[in-house]
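Undergrad: sequence-free structure coming up:
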């Protein structure tokens with residue numbers, strides 16, 4: 001548990017939930033279920049049994065800092081990573097993982113969106129713990145697939161290689177297919193919905209950046225001495241035009 005970390009991505013504007021979700025107050029900060037907690041707060045609660053609260057990081061846009069601080073008052077500034085502009089998922093993940101690596105080279109990291117609703121919490125925790133055990137022992141990148149119940153065009157799909165355990169090799173990713181293709185995916189039996197959750201050891205993801213996205217890896221490596229210092233924000237602002 002000491003080496004377990006969670007990165008929660010909370011910078012989106014939730015455009016599909018307009019007008020409830022707006023650019024100034026996105027859906028992750030709303031009490032969507034009417035239970036007194038926002039989706040972001042529920043996401044943090046979900047992972048506190050898997051890692052120390054101080055090992056949970058929120059990556060968000062700098063305009064949402066006050067909302068995060070209001071909803072997570074126990075979080076230190078070092079746990080709230082502020083992106084100066086919205087990029088794709090890769091820089092968001094790189095920022096958090098390179099920062100964590102600067103403090104703990106043995107970290108096992110869960111990356112999760114801030115707006116998921118998960119009802120089968122016990123089964124979910126078992127799945128995540130299995131993944132954490134796997135990445136702590138092997139050089140691999142893992143994602144979580146969800147058994148599809150309909151040919152939905154709003155989700156991405158993961159095609160997997162059939163195997164004897166729940167840990168399977170990914171064959172392809174497909175982002176939001178047309179209805180007829182989604183129907184074929186469903187009928188084939190070897191596709192899951194892409195949850196957008198990832199699990200890996202920090203060494204594995206940094207190795208992947210160096211091989212597959214070296215330009216991004218180089219930028220975050222160059223500022224490795226600035227993480228957890230008063231130079232961090234200025235360095236992030238400088239490299240983020242990328």
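TA: Here it is on my side, so go on. Quantities reported herein were computed from a predicted structural model and do not represent experimental measurements.
Undergrad: mind listing what's buried in stretch 160-179?
TA: Residues 160, 177 are the ones in stretch 160-179 that count as buried (16 or more other C-beta atoms under 10 Å). Heads up, the C-betas are built off the backbone N, CA and C, glycines and all.
Undergrad: if you could redo that for stretch 196-215, that was the one I meant.
TA: Buried, per 16+ other C-beta under 10 Å, within stretch 196-215: 196-206, 208-209.
Undergrad: strands along the chain, start to end?
TA: For the chain, the strands defined by DSSP state E occupy 4-9, 56-61, 80-83, 108-113, 141-146, 157-160, 170-174, 191-201.
Undergrad: average pLDDT for stretch 222-231, rounded please.
TA: The average pLDDT for stretch 222-231 rounds to 96.
Undergrad: so which bits of it are buried?
TA: 223, 226, 227.
Undergrad: redo those residues as JSON lines? Include distance to residue 150.
TA: Formatted as JSON lines, the buried residues of stretch 222-231 follow (distance: C-beta to C-beta, whole Å):
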{"residue": "223", "distance to residue 150": "44"}
{"residue": "226", "distance to residue 150": "47"}
{"residue": "227", "distance to residue 150": "43"}
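Undergrad: ok, back up a step: from the buried residues of stretch 196-215, which two are the most distant?
TA: 196 and 203 (22.4 Å; C-beta to C-beta).
Undergrad: burial measure for the residue nearest to residue 47 when sequence neighbours are not counted, as a count.
TA: In this structure, residue 47 finds its nearest non-sequential neighbour in residue 6, 4.5 Å apart by C-beta to C-beta, 6 or more residues apart in numbering. Neighbour count of residue 6, defined by other C-beta atoms under 10 Å: 25.
Undergrad: and residue 6, what does it touch?
TA: 47, 50, 51, 55, 56, 57, 109, 110, 111, 112 (C-beta atoms under 8 Å, 6 or more residues apart in numbering).
Undergrad: where exactly do the helices run in this structure?
TA: 39-47, 65-71, 89-103, 121-137, 179-188, 202-212, 214-222, 232-239 (DSSP state H).
Undergrad: stretch 32-49: which residues count as buried?
TA: 32, 38, 39, 40, 41, 42, 43, 44, 46, 47.
Undergrad: next: stretch 130-144.
TA: Buried, per 16+ other C-beta under 10 Å, within stretch 130-144: 131, 132, 134, 135, 142, 143, 144.
Undergrad: bridged to the fifth one, which residues?
TA: What that stands for is residue 142. residue 199 (DSSP bridges).
Undergrad: out of the strands of the chain, flag the one nearest residue 71.
TA: Across the strands of the chain, closest to residue 71 is strand 56-61 (C-beta to C-beta), at 9.6 Å.
Undergrad: which residues touch that closest one?
TA: Contact partners of strand 56-61, identified using C-beta under 8 Å, 6+ apart, comprise 5-11, 40, 44, 47-48, 68, 72, 75, 79-83, 85-86, 92, 95-96, 99-100, 114.
Undergrad: ok, and the closest non-adjacent residue to residue 76?
TA: Per C-beta to C-beta, 6+ apart, closest to residue 76 is residue 54, 7.5 Å.
Undergrad: okay, now the one you found: neighbour count?
TA: 12.
Undergrad: ok, it to residue 210 distance?
TA: Between residue 54 and residue 210 the distance is 28 Å, computed by C-beta to C-beta, to the nearest Å.
Undergrad: closest one to residue 148 out of the buried residues of stretch 222-231, please.
TA: Top of the list for closeness to residue 148, among those and by C-beta to C-beta, is residue 227 at 39.1 Å.
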